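>>> Build me a model from this:
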Amino acid sequence: MSANKVEASGDDPVIPNAVLDRMNNGEWVAVLSVRLVNTVDIVPIAAASGFDSLYLDLEHSNMSLSEAGQICVTALAAGVGAFVRVPNAAEDVIARVLDGGAMGIIVPQLTTASQVRDVVRAAKLPPLGARSVSSSAPQLRYRSLPVAEANRLLNSVTAVAPMIETLEALEAVDEFVAVPGIDMIFIGANDLSTALGVPGEYGHPLMRAAYDRILTASKKAGVHVGIGGVASDPSVLRDLIDAGVTYVSVGTDLGLLMSGSRSALRILRPPQD
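Just a heads-up that it's a prediction; the model follows:
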């Protein structure tokens, strides 16, 4: 995607998690959220457009696990691992998404630290978790490695990101970030603003207080922060980047297609007074 993406040689035992590497280096990552396009074409399209990465939103689309896996493997080959927003915290869904080539999971509908611990347990292989061991993973270029080594390598590049999108989750953010194995907190701005009684008002004082609370807790714990749903308000998004948000959904494939289409038509068919 960007010229600064992490390059992995074919001799590396595991494909690096370029998203985590960039965030760990203090860079923010421009992400395309994918809901509409369910073919591998979205990877080179995102690259040509200048995105650093993409995440597949299985919670708000009808994309299948098979289609998601094909896109994830293509993203691995391009040198940028895709994250997947799973539809729920079911262990089998998390395992199949990661076995299919995802470099990270974004998990919605969590309200307690206990649920977050269960997510880590489902995402990480032994000894860090209880995910079933699968041989020849795409992240390992389908090579068969000793089980202990494969588990260690896969755990090292598997990112886990619980979402903050409810009042209960916001209240528990300090507990969320304290769970071992958490790499990022992802703010679901649409649901969170709705829960706060200010739907879609991303710059509202209540939302800004929530951002500050999440950022403060995450920075203290050494956990990254991501944001989705705020692309329609670039000024708020810029403020969040300046405040330390590093995983930034710049828009969805559907939203950008609609925006570009309207802009093209507006040039040829100006709105009538």
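>>> Could you find the closest non-adjacent residue to residue 37?
Counting by Cβ to Cβ, 6 or more residues apart in numbering, residue 37 lies nearest to residue 253, which is 5.1 Å off, once chain neighbours are set aside. Where you see a C-beta, it was placed from the backbone N, CA and C, and this is true even at glycine.
>>> ok, so what distance separates that neighbour from residue 108?
Here residue 253 is placed at a distance of 19 Å from residue 108 (Cβ to Cβ, to the nearest Å).
>>> go on, residue 62?
For residue 62, the distance to residue 108 - Cβ to Cβ - is 16 Å.
>>> And residue 49, by the same measure?
Taking Cβ to Cβ, one finds residue 49 at 26 Å from residue 108.
>>> Just the buried positions in stretch 149-168, please.
150-155, 157-166 (16 or more other Cβ atoms under 10 Å).
>>> And stretch 230-242, by the same measure?
Neighbour-count burial for stretch 230-242 [16+ other Cβ under 10 Å]: 230, 231, 233, 236, 237, 239, 240.
>>> Keep only those of those that are in helices.
236, 237, 239, 240 (DSSP state H).
>>> Centre of the chain to stretch 118-133, how far?
19 Å (Cα atoms, centre = their mean, to the nearest Å).
>>> can you list contacts of it?
89, 91, 94-95, 98, 105, 107, 110, 147, 150-151, 154-155, 158, 160, 162, 179-182 (Cβ atoms under 8 Å, 6 or more residues apart in numbering).
>>> ok, now stretch 220-234?
For stretch 220-234, the surrounding residues in contact (Cβ under 8 Å, 6+ apart) are 20, 23, 31, 33, 106, 161, 177-178, 182-191, 193, 202-203, 214-215, 218, 236-237, 240, 244-252, 255.
>>> dump the residue contacts of residue 109.
88, 89, 163, 165.
>>> Please tell me how far it sits from residue 249.
For residue 109 relative to residue 249 (Cβ to Cβ), the value is 18 Å.
>>> what's the burial count for the spatially closest residue to residue 28 that is not a sequence neighbour?
Distances taken as Cβ to Cβ, 6+ apart place residue 246 nearest to residue 28, at 4.6 Å, with adjacent residues excluded. The tally of other residues near residue 246 (other Cβ atoms under 10 Å) stands at 22.
>>> and the ones in helices among the buried residues of stretch 230-242 as JSON lines, adding distance to residue 14?
Listed next are those as JSON lines, based on distance: Cβ to Cβ, whole Å:
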{"residue": "236", "distance to residue 14": "37"}
{"residue": "237", "distance to residue 14": "32"}
{"residue": "239", "distance to residue 14": "36"}
{"residue": "240", "distance to residue 14": "31"}
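>>> Report the two of the residues you listed separated the most.
For these, the farthest-apart pair by Cβ to Cβ is 237 and 239; their separation is 7.3 Å.
>>> Which positions in the helix or strand hosting residue 116 come out as buried?
Element membership for residue 116 (DSSP states H and E) is helix 113-123. Judged by neighbour count using 16+ other Cβ under 10 Å, the buried positions of helix 113-123 are 113, 115, 116, 117, 118, 119, 120, 122, 123.
>>> what about the nearest residue to residue 210 once chain neighbours are set aside, distance to residue 143?
Spatial nearest neighbour of residue 210, excluding adjacent residues (Cβ to Cβ, 6+ apart): residue 170 at 5.8 Å. Distance of residue 170 to residue 143, given as Cβ to Cβ: 42 Å.
>>> repeat for residue 155
Counting by Cβ to Cβ - residue 155 and residue 143 are separated by 17 Å.
>>> Likewise for residue 153?
10 Å.
>>> which residues are common contacts for those two?
Joint contacts of residue 153 and residue 143 (Cβ under 8 Å, 6+ apart) are residue 13.
>>> re the thing from before, pull the residues that contact the strand or helix carrying the residue nearest to residue 210.
Secondary structure from DSSP H and E places residue 170 in helix 167-171. By Cβ under 8 Å, 6+ apart, the surrounding residues in contact with helix 167-171 are 110-112, 162-164, 176, 192, 195-196, 210, 213-214.
>>> returning to what we had before: among the contacts of stretch 118-133, which ones are in strands?
Among the contacts of stretch 118-133, the ones falling in strands (DSSP state E) are 105, 107, 160, 162.
>>> that older thread, next up, the contacts around the residue nearest to residue 28.
When contacts are counted by Cβ under 8 Å, 6+ apart, residue 246 touches 22, 23, 26, 27, 28, 29, 224, 225, 226.
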